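K.L.:
Any chance you can model this:
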Amino acid sequence: MQKLRRLHLYLGCFFAPMLLFFAISGIWQTLGWNDHSYVFRVLSTAHKNQGLKGGLSLNSPLLALFAIFMSLGLVFSIVTGIVMAFKFGRSRIAVYTLLAGFVVPALLIVIFSR
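P.N.:
Model (predicted):
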């Protein structure tokens, strides 16, 4: 379990900057800010894997491969984090919180997708 915790730590630290970038760029894209700002539009090219009309783009095949590994690392890190939370936490609140993490978005989709 010690090796798993260490791997969880290192994956989280290595991918944290890029995960923050993708999370923050997802926020401004959701809010539509990339439609009104050239800087946001350029930075969004890495997130959306497409270029601008003028040809400027921050994406590349290597960046896409890195994003795939980052996503896999995130999935692994989340799963190991959940396992460790239940193994070491021993809290019913953690179980309820995890269940709420599934139920709340599902309810939002069902209620507001009509």
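K.L.:
contacts, neighbours, all on C-alpha from now
P.N.:
Fine.
K.L.:
List the contacts of the least confident helix or strand in the chain by mean pLDDT.
P.N.:
Sorted by mean pLDDT, DSSP states H and E, the helices and strands of the chain end with helix 38-48, the least confident at a mean of 77. Here helix 38-48 makes contact (C-alpha atoms under 8 Å, 6 or more residues apart in numbering) with 22, 25-26, 28-29, 33-35, 51-52, 56-59, 63.
K.L.:
Show me the shaky parts of this structure.
P.N.:
Across the chain, the ranges flagged by pLDDT under 70 are 47-54.
K.L.:
Now do the strands in it.
P.N.:
With DSSP state E as the criterion, the chain has no strands.
K.L.:
Helices of that one, start to end?
P.N.:
Listed in chain order, the helices of the chain (DSSP state H) span residues 2-30, 38-48, 61-89, 92-112.
K.L.:
Let's have the ones you listed in TSV, adding mean neighbour count.
P.N.:
Conversion of the helices of the chain to TSV gives the following (neighbours: other C-alpha atoms under 10 Å):
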stretch	mean neighbour count
helix 2-30	14
helix 38-48	17
helix 61-89	14
helix 92-112	11
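K.L.:
that older thread, the least confident helix or strand of the chain: how far from the chain's middle?
P.N.:
Once both centres are worked out by C-alpha atoms, centre = their mean, to the nearest Å, helix 38-48 turns out to sit 17 Å from its chain's centre.
K.L.:
now swap in stretch 58-76 and tell me
P.N.:
11 Å.
K.L.:
and it, C-alpha only, in CSV?
P.N.:
Output of stretch 58-76 as CSV, limited to C-alpha atoms (Å, rounded to 0.1, in the frame of the first residue of the first chain):
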residue,chain,number,x,y,z
LEU,A,58,-1.0,25.0,-29.4
ASN,A,59,-1.9,21.3,-30.1
SER,A,60,0.4,18.7,-31.4
PRO,A,61,0.4,14.9,-31.6
LEU,A,62,2.8,14.7,-28.6
LEU,A,63,0.6,17.0,-26.6
ALA,A,64,-2.4,14.8,-27.4
LEU,A,65,-0.4,11.7,-26.3
PHE,A,66,0.5,13.5,-23.1
ALA,A,67,-3.1,14.4,-22.5
ILE,A,68,-4.1,10.7,-22.9
PHE,A,69,-1.4,9.7,-20.4
MET,A,70,-2.6,12.6,-18.1
SER,A,71,-6.2,11.3,-18.3
LEU,A,72,-5.1,7.8,-17.5
GLY,A,73,-3.0,9.0,-14.7
LEU,A,74,-5.9,11.1,-13.4
VAL,A,75,-8.2,8.0,-13.5
PHE,A,76,-5.6,5.9,-11.7
